[in-house]
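Visitor: Build me a model:
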Amino acid sequence: MRLHDTVKPTLSPWLLASAALVAVLVIMGADARVKPLPKAELAEAETLYRHGILPDGRPLRGERKGGEAVEAQAAACANCHRRSGFGVEEGRIVIPPINGKYLFREGSTDAAAMAHPGTEATTPRRRSRYTSETLARAIREGIDPDGRTLDYLMPRFALDDASMQLLIGYLRELSAHPAPGALTDILQFATVVTPDADPVKRDAMLEVLNHFFGNKNAYYRGADPPLKSERRIHFRVLRRWQLHVWELKGAPETWREQLEHDLRLEPVFAVISGVGGRAWEPVHEFCEHQEIPCLMPNVDLPVVDEKAFYPVYFSRGVLLEADVMAQRLGIAASLAAPRAPAREIVEIFRPDDIGAAAAHALAADLAPNVTQVTLKELKTRSPAGELARLVREAKSADALVLWLRPADLKALPEHATLPATVLVSGLMGGLEQAPLPSSWRATTRLTYPFALPSQRMIAMNYPLGWFRIQQIAVTDERTQTNTYLACSILAEAASTMLDNFVPDYLVERVEVELSHRIINGYYPRLGLAPGQRFASKGAYLVRFSEPTGTRIVADGDWVVP
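Guide: Numbers count the residues shown, from 1 in each chain. A predicted model of the protein is given here:
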């Protein structure tokens, strides 16, 4: 495995783990020296905390004086205090941390400034540390350890003693230990390259990663003086970054085992960027199973899994394009149905490319409104003759959809009778560089899941200027820009974590940082609400404004299907 930075830890894993445990005990105080929850009880406590389900299967219920009660998932602690227990800030409202590191800290402030430094919301007040008894009172009655009433936003929960003991035991352990890749003053990261990835994209991504990591380490200041107060923690900058490149080989069914082997040799805090082709599911599943954040890989066919927490993507790629096309075609079909009930959509794609999954997704989306969707596979490597035949067969259809790469688009017949509607995947076809024959341009609409070139011009000055300074040749602008953006988001998120380097908290900080960004490269806007894992959610349909050239104009508004 290639390492960007050759700095190596000098302590054994056993000593590092022991030191981390001692540090946690010191921080939490004597009241924290309680046996960890057994595995079965830990699972019950996690279900209570994350999903609002009591150990006996009943829904958790929370009451607010004069307000509506909340139950089950709506009452779960994680809804407000987040999965990590570190809380969150919204404007001037702070949802404080409730994990043991902060609840049971001697002489703690009200946690806000320590967990979320430098925000407009942090106006800490002193309070005594919690004990098991005062924490139970706070949960049931809304009274803090100094006898003050908690905020109205905090529901009151009438938990029985057994459930209360279970929850408090869980909070003591929640986010108590740093990730294996964050046990020293070096944060360990990996990037993943699949064997079906485009070599140009691979090299472009790695060059940006290596330069970004190199720059990050060049500004490393070394250790701060010992802490004088809790406020001094804001300025701690102790971490170098180290990059491991995990290059997979062979068939996708072997990738999980390869990744697990790499992880055993090189424990990492997170997977950053990455590049793949048609298959990414083994990487997605590995990260989710191992609870490793997998942040913004360069893949146009991501995994849509609403239950997953750790993988975060820029967008749904060609699956988003399929939904945008379905909305356009479905609306047209509904309007035309009274006078033309029999409708046909023809899709052309290569069976060994990501367009195959998108074509089937579009067919499924169209099923309620379209009588027939015909899927046509393009199989030959010299496709001109086959494409001419398939296009000729589709001339009587109501719409033709092409999930094809530039080489295939270039082979389309120049003079052909086309259906009234032709849609082309912009992601696969090369966006505004798509080499469509001039006779196709008036009819064809491209899906375009980015800001238009004129709209993103100012935003692109940032990554392009950085590339010039770093003397990085622009070989694949979108891949390089997205990689730079992923690294920037990671750096911003990590800088707000203080010493709380746990995977769940990293993902939560990425959610926050994404929603605050103004400069987003290719994307007009990015945002992640809790539970969302695709930061950009819409696209344009565009058309070429001239028979030649790359000038495009939007054919309608930004579409969020």
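Visitor: Let's see the distance spanning stretch 241-257 from one end to the other.
Guide: 25 Å (CA to CA, to the nearest Å).
Visitor: and what of stretch 283-298?
Guide: Start-to-end span of stretch 283-298 (CA to CA) is 12 Å.
Visitor: how about the helices of the stretch 301-450 of the chain, start to end?
Guide: Using DSSP state H, counting those that start in this stretch, the helices of the stretch 301-450 of the chain run over residues 318-336, 355-366, 384-393, 406-410, 426-429.
Visitor: Report the buried residues of the first one.
Guide: Meaning helix 318-336. For helix 318-336, a neighbour-count test (16 or more other CB atoms under 10 Å) marks 318-326, 328-330, 332-333 as buried. In this view, the C-beta of every residue, glycine as well, is placed from N, C-alpha and C.
Visitor: low-confidence ranges in this structure?
Guide: Where the chain drops to pLDDT under 70, the residues are 1-34, 106-125, 220-238, 332-342.
Visitor: Kindly state the beta-bridge partners for the residue most central in space within it.
Guide: Using CA atoms, centre = their mean, the residue of the chain that lies closest to the mean C-alpha position is Val312, 1.4 Å off. Beta-bridge partners for Val312, by DSSP bridges, are Leu295.
Visitor: Same question for Val275.
Guide: Under the criterion used (DSSP bridges), Val275 bridges to Val193, Asn298.
Visitor: correct me, but it touches Thr194?
Guide: Yes. Look at Val275 against Thr194 with CB atoms under 8 Å: they come within range, at 7.2 Å.
Visitor: more neighbours, these two?
Guide: Just comparing Val275 and Thr194: by other CB atoms under 10 Å the higher neighbour count belongs to Val275, 27 against 23.
Visitor: contacting residues around that one?
Guide: Each residue near Val275 by CB atoms under 8 Å, 6 or more residues apart in numbering is listed here: 191-194, 197-198, 201-202, 205, 297-299, 479.
Visitor: Please convert the helices of the stretch 301-450 of the chain to a markdown table, extending it with distance to Lys65.
Guide: Formatted as a markdown table, those follow (distance: least, CB to CB, whole Å):
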| stretch | distance to Lys65 |
| --- | --- |
| helix 318-336 | 44 |
| helix 355-366 | 47 |
| helix 384-393 | 68 |
| helix 406-410 | 63 |
| helix 426-429 | 52 |
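Visitor: Select, out of those helices, the one closest to Phe286.
Guide: Smallest distance to Phe286 across the helices of the stretch 301-450 of the chain (CB to CB): 19.8 Å, for helix 355-366.
Visitor: Next, the buried residues of that closest one.
Guide: 355-359, 361-363, 365-366.
Visitor: ok, back up a step: name the nearest of the contacts of Val275 relative to Pro530.
Guide: Once CB to CB is applied, the member of those that ends up nearest Pro530 is Pro297, at 21.0 Å.
Visitor: what about that closest one, how many neighbours?
Guide: 29.
Visitor: same deal with Thr417?
Guide: Neighbours around Thr417, by other CB under 10 Å: 10.
Visitor: Kindly report the same for Arg389.
Guide: Residue crowding around Arg389 was assessed by other CB under 10 Å; the count is 12.
Visitor: Selecting buried members of the contacts of Val275 in PyMOL, what would you type?
Guide: In PyMOL, a selection of the buried entries from these looks like this (16+ other CB under 10 Å):
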select buried, resi 191+192+193+194+197+201+202+205+297+298+299+479
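Visitor: Show me which of the contacts of Val275 is closest to Glu63.
Guide: Nearest member of these to Glu63, counting by CB to CB, is Pro297, at 43.4 Å.
Visitor: Give me the nearest residue to that closest one, chain neighbours excluded.
Guide: Leaving aside its sequence neighbours, Pro297 sits nearest to Gly274 (CB to CB, 6 or more residues apart in numbering; 3.7 Å).
Visitor: Just want the phi and psi numbers for the one you found.
Guide: Backbone torsions of Gly274, given as degrees, to the nearest 10, read phi 110, psi 160.
Visitor: show me what contacts it?
Guide: For Gly274, the contacting residues are 191-193, 205, 283, 294, 297-299, by CB under 8 Å, 6+ apart.
Visitor: let's see 10 Å
Guide: Taking CB atoms under 10 Å, 6 or more residues apart in numbering, we find Gly274 in contact with 190-194, 197, 202, 205, 209, 245-246, 280, 283, 287, 294-299, 483, 486.
Visitor: likewise Glu393?
Guide: If you count contacts by CB under 10 Å, 6+ apart, Glu393 has them with 346, 348, 374, 376.
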